[in-house]
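>>> Based on what follows, work out the 3D shape:
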Amino acid sequence: MFFHRAKPRLSDGEIDLIPVRTLDADPEMQFGREYTWIIAPHGSRREMGEIALRLGESPCVYCFGHIGYHVDPPYRGHHYALKACRLIEPLIRREGKSSVVITCDPDNTPSRRTCEELGCALERTVRVPAWIRAHWSISEVKCRYIWHLGEPSGEGGDRVGP
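Numbering: from 1, shown residues only. Sure, this is the predicted structure:
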């Protein structure tokens, strides 16, 4: 596993995504390159949650998704996961992806709503293989949402904050 220089801080003026780490392919999870950011109020380092972008394709990515996020309980209800996804969209396009998968538990209404507000399409609900559940902490069933971004741009700039 190799660490790379993290991507710059991303911001929309309300939240900042502060880079935590960039990892090359993890041989166990097979996520491919993975970028992780802390979700924080603009101009602050106070952690409200986290978002990760995984660029690989594997059985684990199939179940965990290309994008994984969580928002800590005191900060829920402000659409921070939605805003964080929109902030990483230019990076996803530059990495050559025209669509990505976001998975969530069927009973996770806020995450399902985030996917719907992004314009994701529910592909299907799948059973997570027993070998994945035995090895990692993941629910037995996941909803797979596809976020179609259109053609990758290969150019453009991140919204970079201070």
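>>> how much space between P90 and C63?
Plainly put, P90 is 26 Å away from C63 if you go by C-beta to C-beta, to the nearest Å. Where C-beta positions appear, they are placed from N, C-alpha and C, glycine not excepted.
>>> my bad, R86
As for R86, its distance to C63 is 24 Å (criterion: C-beta to C-beta).
>>> okay, P90 and C63: which has more neighbours?
Each of P90 and C63 had its neighbours counted (other C-beta atoms under 10 Å), and the higher figure belongs to C63 (20 against 17).
>>> Give me the nearest residue to that one, chain neighbours excluded.
Closest residue to C63 in three dimensions, ignoring its sequence neighbours and counting by C-beta to C-beta, 6 or more residues apart in numbering: V128, at 4.9 Å.
>>> I'd like to know how many residues surround the one you found.
Here the count is done by other C-beta under 10 Å, and V128 has 19 residues near it.
>>> so who does it touch?
Each residue near V128 by C-beta atoms under 8 Å, 6 or more residues apart in numbering is listed here: 63, 138-142.
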